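1. quick one, fold the following:
(one chain, ligands or ions: 1)
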Amino acid sequence: MVHCVSSSTPFSGMAIRIPVTKSVNPFSKRLGSAHRRCFRTSCSYSCFEVKDVHYRPPGTQLNLLRGVSFSLPEKSFGLIFGQSGSGKTTLLQLLAGLNEPTAGSICIQRYNSSGDPDGPSKPLASVKVGIVFQFPERYFIADSVLDEITFGWPRQRGSVQLNEQLALKLERAFNWVGLDRFSLGKDPQSLSGGYKRRLALANQLIEVPDLLVLDEPLAGLDWKARADVVKLLKHLKREVTILVVSHDLRELAPLVDRSWRMEMGGHLREESLPTLTLL
Ligand SMILES: Nc1ncnc2c1ncn2[C@@H]1O[C@H](COP(=O)(O)OP(=O)(O)OP(=O)(O)O)[C@@H](O)[C@H]1O
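-> Numbers count the residues shown, from 1 in each chain. Predicted structure coming up:
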């Protein structure tokens, strides 16, 4: 197994002081915060848009996704739910660029203050999508939080300016996920379940994604860690657009701006969360 080497990291031993910022979301819950802000102040905004996406794995005749279309305004929280095997993870993999749609498009569209498209849409670049899979802590490979987060960063000494930029990105990501008070030398496996998830999220936030995709972010956590992650996601949606696939509708419901049901056979339709007592 490849192991992350810490001693050559230009950030080893670096003390990072991270200010904690707090803000309150004053608006109603149906639309994303950026969308709501724009509604009040008449500014332009971006929308992540999936149009008529189909997917058939190479070498098969199986259509796993059929005409999936939906949109999510920036800094909103979208939730996809539905039966096991309906195609939710398959869709997330397409959004993250791990597979190519057989047909259809995945793009970002900018809208002007009147709500009209502001120029042509742009394809969503996979490098601008952060994805956290189920049980991300199973894939931790380093002995320290710093090594885990800087795995894959340039090993050679870069310019002071580049190192400062990377340190600032690290600082911002740790601030966002509330890891700012943790020692960077701590073993990731010694963190609590909720903080392991925070670390996995921080990894995807170093470069701020246009879209952050999370597959079952609460799976396998105890009640306290689940509450911890929900609180974190509530904070994070002020910073990034988040799309979640989950069966944990009750806990995530307060965060949700838009929701869709994936039906067996890969059809997606917009639907409010079902009656929570039945979940
Ligand atoms: N490469 C593939 N070739 C053939 N079938 C596949 C392939 N990938 C996934 N499938 C099938 O596609 C269906 C959808 O799988 P997917 O994992 O997307 O469902 P899901 O809704 O995420 O389920 P769960 O909630 O259990 O995670 C499943 O029946 C799965 O077996």
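2. all contacts plus neighbour counts: C-alpha atoms, from now on.
-> Will do.
3. bridging residues for the residue nearest in space to the middle of the chain?
-> The centre of the chain sits closest to L212, judged by Cα atoms, centre = their mean, with a distance of 2.1 Å. Beta-bridge partners of L212, counted by DSSP bridges, are G130, I242.
4. which residues touch the lengthiest strand in the chain?
-> Counting by DSSP state E, the longest strand found in the chain is strand 45-55. Contact partners of strand 45-55, identified using Cα atoms under 8 Å, 6 or more residues apart in numbering, comprise 34-35, 38, 63-74, 100-113, 211.
5. that strand and the ligand in contact?
-> No - contact check for strand 45-55 against the ligand, using Cα under 6 Å from any ligand atom: none in range, with a minimum separation of 9.9 Å.
6. now that strand: buried residues?
-> When burial is assessed from 16 or more other Cα atoms under 10 Å, strand 45-55 yields the following buried residues: 45-50, 52-55.
7. can you check stretch 230-248 too?
-> Taking 16+ other Cα under 10 Å as the basis for neighbour counts, the residues of stretch 230-248 that come out buried are 230, 232-248.
8. residues contacting the residue nearest to the centre of the chain?
-> Contacts were defined as Cα under 8 Å, 6+ apart; by that measure L212 touches 129-131, 204, 240-243.
9. of all the residues you listed, which two lie farthest apart?
-> Based on Cα to Cα, the longest span within the contacts of L212 runs between Q204 and L243 and measures 13.5 Å.
10. so which strand or helix has the most far-flung residue of the chain relative to its centre?
-> Here the chain has its C-alpha centre computed as a mean, and the residue farthest from that point, by Cα atoms, centre = their mean, is Q61 with 30.9 Å. In this assignment (DSSP states H and E), Q61 forms part of neither any helix nor any strand.
11. against G85, how distant is it?
-> 17 Å (Cα to Cα, to the nearest Å).
12. phi and psi next, for L205.
-> Dihedral angles of L205 (phi, psi; degrees, to the nearest 10) stand at phi -110, psi 0.
13. need phi/psi at E251.
-> Taking degrees, to the nearest 10, you get phi -70, psi -30 for the backbone angles of E251.
14. also G265?
-> The main-chain torsion angles of G265 are listed as degrees, to the nearest 10 and equal phi 100, psi 0.
15. same check, this time on R66
-> Here is the backbone geometry of R66 (degrees, to the nearest 10): phi -130, psi 100.
16. which residue packs closest to it, ignoring adjacent ones?
-> Spatial nearest neighbour of R66, chain neighbours left out: H54 (4.7 Å); criterion: Cα to Cα, 6 or more residues apart in numbering.
17. OK, contacts around the closest residue to H267 other than its chain neighbours?
-> Setting aside the residues directly before and after it, H267 is nearest to R66 in space (Cα to Cα, 6+ apart), at 5.6 Å. Shown in contact with R66 (Cα under 8 Å, 6+ apart): 52-55, 265-267.
18. state the distance from L214 to the ligand.
-> 12 Å (Cα to the nearest ligand atom, to the nearest Å).
19. what's the pLDDT at the residue nearest to P123 when sequence neighbours are not counted?
-> Of all residues beyond its chain neighbours, the one nearest P123 is C107 (4.1 Å), with distances taken as Cα to Cα, 6+ apart. In this model, C107 is scored at 94, pLDDT.
20. repeat that for the one 3 residues further on.
-> Reading off the confidence values, R110 has pLDDT 94.
21. quickly find the element holding it.
-> Since the elements are taken from DSSP H and E, R110 ends up inside strand 103-111.
22. now do the residue farthest from the centre of the chain against the ligand, distance only.
-> Counting by Cα to the nearest ligand atom, the gap from Q61 to the ligand is 9 Å.
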